[in-house]
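Participant: My questions are about this predicted structure, shown below with the sequence.
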Amino acid sequence: MKNYILFDTELRESLKPFTFTRPVSEIRCGILTITEKWNKFLQTKCSFKTKEYLQKKYKLQLAEDNVFINSAVIPNEKLVKEIINLPENSSLYAAGKWIASRVKSLEMEAETKNLVQINYEGDYRILEHIWNIFQYNPEEINADFELVTKGRKSQPISETNRVLCPENVFVEEGAKIEFAIINASEGKVYIGKDAEIWENAVIRAPFAMNEHAVVKMSAKIYEGTTIGPYSKVGGEVQNSVIIGYSNKGHDGYLGNSVLGEWCNLGADTNNSNLKNDYSNVKVWNYATGHFENSGLQFCGLMMGDHSKSAINTMFNTGTVVGVSANIFGGGFPRNFVPSFTRGGSQGYEEYRLAKACETASRVYTRRHKVFDDVEYEILSTIFNETSQNRVF
C-alpha cells in the first residue's frame, strides 16, 4: 500500500513567515489547507517531511512504498490521478518543476536523476510566493466547495437573511446566520460547522469560513476571503486569508492580505493594498534577504503567527511581519518587521522569548489548547534563527 508524504522543498524559504511555524502544506488556501486537500483526494492521511524542529509536531510516517509529494503543490483531480498511478522509482515533473516521486525506500532519494522522469502536462497551482495564497484563494474556494460538499445537503438558511443564488451556498450543521446579506452570484459560499454570521453582515462570493469562525455585526466581506477556524472578523475585508485562530474583531480594512494563526489586529487597524503611484508592490523575501517585485498592483499585509497590532495601527502596502511581533505606536511601521520585535515607527526592541511564550500560553488557554514543550521549542528555534534580522 502506498504511503503519501508531503515534502517541503526550498520553496519553504520563500513562503516564510508562514512556514516558520508549519510545513508548507499546512497553509490554508481556499476552504482547506493543502494537507486537507491531499487527504481528501487521496482518501488517506498524509504525513510530513519538514524541518527537524517542526517534525515533533508534524510527524513523518515512512513505509516500504513511499510517494513524496511537493508540499507547495495544490492538488486537482487530473494531477492526483497521475500521482496515484506513478510507477515505482519514478518522478513526476511539470515544466521542469518537481511534483512527486515514488520510491521503494525508507528515505527520499537524494539522487532524483536516477529515477525515471515523467512529464505532467495538465494544469496545477503551486505556492511559490506568499502573495500566491490570497491570489489563488477565490478559485480555490470554488474548487474546495465542490470537494467538500459533493453528495451532501446544506442545512437550511433562515428566512431572515437575503441570499442571492442560494444554490451556491452551503451551510454546515450548527452554523447560525441571521439578518445577513449574501451575494453568491459570482461564486461559492461555504459556512463551516458552528460558525456564526451576525446581523447586517454583507458578504460577496467566493467566500469561506471554517468551524467556529465568526463574522461580526455590519461587517463588509468582499470576494476571495477565507476566515479560518475559530477566528473573528469585523470591519472590511477583501481577498484575504486568515489561516485560523486569529482575530480582526473591529472596524478597519484588511485587503489582499494573509494572517497566520494566533494573530490579533487591534481596533481600527488598517492596511494599504495599493501604492499611490499605482506601481507594482515590492515584498520582503526571506529566501533572498531582499525586497522583490511581486508583479502585483494590489498586495497588503503578510503577518506571521502570534503577531499582534495595537489600536489604530497603519500598515503600508506589502508589509511583511514575522512571528511573535508586537506592533504599536503612531505612523507606519517598517515594510518588514522581523520576528520577536516590539515597537513601531518610533523605534523597535527585541521582544523577549519568555514574554512571547507567556502571551502565547495565555492565548492558547482561551481556546482550550495547551502551549506545551513542543510549541515552546518551535518558537525558541525561530527566535534564534531570526536573530540576525533584529538589527535596530
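Facilitator: Nice, I can see it.
Participant: tell me the average confidence for whichever strand or helix holds I133?
Facilitator: Assigned by DSSP states H and E, I133 belongs to helix 132-135. Mean per-residue pLDDT for helix 132-135: 98.
Participant: I'd like the distance between the nearest residue to Y286 once chain neighbours are set aside and E36.
Facilitator: Spatial nearest neighbour of Y286, chain neighbours left out: K16 (4.0 Å); criterion: CB to CB, 6 or more residues apart in numbering. (Glycine included, C-beta is placed from N, CA and C.) According to CB to CB, to the nearest Å, K16 stands 21 Å off from E36.
Participant: One more: A201?
Facilitator: 26 Å.
Participant: which regions of the stretch 51-200 of the chain sit below the pLDDT cut-off?
Facilitator: Counting by pLDDT under 70, the low-confidence segments of the stretch 51-200 of the chain come to 105-113.
Participant: Return the longest strand in this protein, judged by number of residues.
Facilitator: Counting residues, the longest strand in the chain under DSSP state E turns out to be strand 97-103.
Participant: contacting residues around it?
Facilitator: Under the criterion CB atoms under 8 Å, 6 or more residues apart in numbering, residues 2, 9, 65-70, 73, 79, 83, 86-93, 108-109, 112, 115, 120, 124, 126 lie in contact with strand 97-103.
Participant: Could you pick out the buried ones from those residues?
Facilitator: Neighbour counting by 16 or more other CB atoms under 10 Å classes 9, 66-70, 73, 79, 83, 86, 91-92, 109, 115, 120, 124, 126 among those as buried.
Participant: so which strand or helix has H250?
Facilitator: Going by DSSP H and E, H250 is not part of any helix or strand.
Participant: Next, the contact list for it, please.
Facilitator: H250 neighbours (CB under 8 Å, 6+ apart): 234-235, 265-269.
Participant: In strands, which of those residues fall?
Facilitator: L265.
Participant: Of the contacts of H250, just say which sits nearest to K369.
Facilitator: Ranked by distance to K369 (CB to CB), the contacts of H250 are led by L265 at 20.5 Å.
Participant: distance of that closest one from R22?
Facilitator: Taking CB to CB as the measure, L265 and R22 are separated by 20 Å.
Participant: Compare those two (neighbour count), which wins?
Facilitator: Using other CB atoms under 10 Å as the criterion, L265 and R22 rank with L265 on top: 31 against 25.
Participant: What does the pLDDT read for the more buried one?
Facilitator: pLDDT at L265 comes out at 98.
Participant: Which residue is the nearest non-sequential neighbour of it?
Facilitator: Using CB to CB, 6+ apart, the closest residue to L265 is K248 (4.4 Å).
Participant: Verify the contact between that neighbour and K232 for me.
Facilitator: Yes. Proximity of K248 to K232 meets the contact threshold set by CB atoms under 8 Å, at 7.3 Å.
Participant: of these two, who's got more company?
Facilitator: Each of K248 and K232 has its neighbours counted (other CB under 10 Å); K248 has more, 29 against 20.
Participant: If you count surrounding residues, which of K16 and E36 has more?
Facilitator: Remark: of K16 and E36, K16 carries more neighbours, 23 against 18, as counted by other CB under 10 Å.
Participant: For W98, see how far away the more buried one is.
Facilitator: 20 Å.
Participant: same thing with T269?
Facilitator: 39 Å.
Participant: If anything else comes up later, I'll come back, but that's it for now.
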